[in-house]
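Enquirer: return atomic coordinates for the entry below.
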Amino acid sequence: MNNSVLSEAEVESYWTSGYVFVANALTPDQLDGLVTDFNAWVEESRDHSEPYGETLANRPRFDLEVDHRPDSPALRRVASPVEISDAYLGVMRDNRALDAAAQLIGPNVEFNNSKINAKHPGTATEVKYHQDFMFQPHSNEDLVTVLFFLDDVTLENGPLNVVPGTHRGQLFDHWHDGVYTGAVSAEVESAHLDAGIPVFGPAGSACLMHTRLLHGSAPNNSDRPRTLFISEYRAEDSKPLQENHLPSLYQGEVVRGQRSNRVRCSSYEMEFPEIPKGASFFSQQAKADEVA
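Expert: Take a look at the predicted model:
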């Protein structure tokens, strides 16, 4: 069976630009299952006033925006949902975007980590510009972040903004004045803002993004939610050099191809990231304002 999802032109575009859009990455049933479970967690969050739950790292699984209230819930992060939901686990293991990722970094592909990032209408959640690889050093950079759209993503509800081609450039410092902020400096962000491109589309779509690609997103200023299920995959011969910042029972599971028992190394240099101590990297990025 031919599992090719991307055309040759799309594969080439990915390696040139650092990202590619995949329509219909989820089946209607898959999308419905993910949305149903997430909505249940939002309802559950009404009973909490601070981050709650527990992950393998002994950190809260559910992270709340600062303006979260019972009558206006703002659940902004679910860490490793694949451990608590059959729907999320099933999608992580089998979806069209994973077939596309296998075209890019396969044939042997492992699961790395997963999360949900949500922006409820009118909430202040934003993601400062950063490169995913700076959170997770590996022996090589063949890691793909898949962002599944659980809602229609528009220009108004805080879409992902990517800076094409930056995956082929430098790795920017995410440490500033001795503080790990999980973000590039204000100067680097300002220099790249005009080159940013929003990625938007209907629910069920996905964006595949190179681990070195510079990206971020603004707050949701619309009256519609923007929820992403983010599942990250790595080439099977890309081995972690530090503990997983989002540990999972399923990390390292081979989801396409087979295990080769080989390691492949590339040449780069970076400072080890700081493993989060709070509920999510949002607490790390909040430090960026303190050192600005």
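
Enquirer: can you map out the helices along the stretch 151-292 of the chain?
Expert: 186-192, 281-285, 287-291 (DSSP state H, counting those that start in this stretch).

Enquirer: name the helices or strands packed onto the first one?
Expert: What that stands for is helix 186-192. Judged by 3 or more CB pairs under 8 Å, 6 or more residues apart in numbering; DSSP states H and E, helix 186-192 is in contact with strand 127-130. Quick note: C-beta positions are derived from backbone N, CA and C, even for glycine.

Enquirer: and the strand it packs on, what does it pack against?
Expert: helix 186-192, strand 215-217, helix 281-285.

Enquirer: ok, now with 10 Å
Expert: strand 160-162, helix 186-192, strand 215-217, helix 281-285, helix 287-291 (3 or more CB pairs under 10 Å, 6 or more residues apart in numbering; DSSP states H and E).

Enquirer: neighbouring strands - and their directions - for the third one?
Expert: Within its sheet, strand 215-217 is paired with strand 127-130 (antiparallel), strand 160-162 (antiparallel), according to DSSP bridges.

Enquirer: which of those strands sits closest to Y180?
Expert: Checking these against Y180 by CB to CB gives strand 127-130 as the closest, at 11.1 Å.

Enquirer: show me how far the helix or strand just after that closest one is from its chain's centre.
Expert: Moving toward the C-terminus from strand 127-130, the next helix or strand (DSSP states H and E) is strand 143-149. Relative to its chain's centre, strand 143-149 lies at 6 Å (CA atoms, centre = their mean, to the nearest Å).

Enquirer: what pairs with strand 143-149, parallel or antiparallel?
Expert: For strand 143-149, pairing defined by DSSP bridges yields strand 206-210 (antiparallel), strand 226-235 (antiparallel).

Enquirer: wait, which of the ones you listed is closest to L155?
Expert: Going by CB to CB, the one of the strands paired with strand 143-149 nearest L155 is strand 226-235, 10.9 Å.
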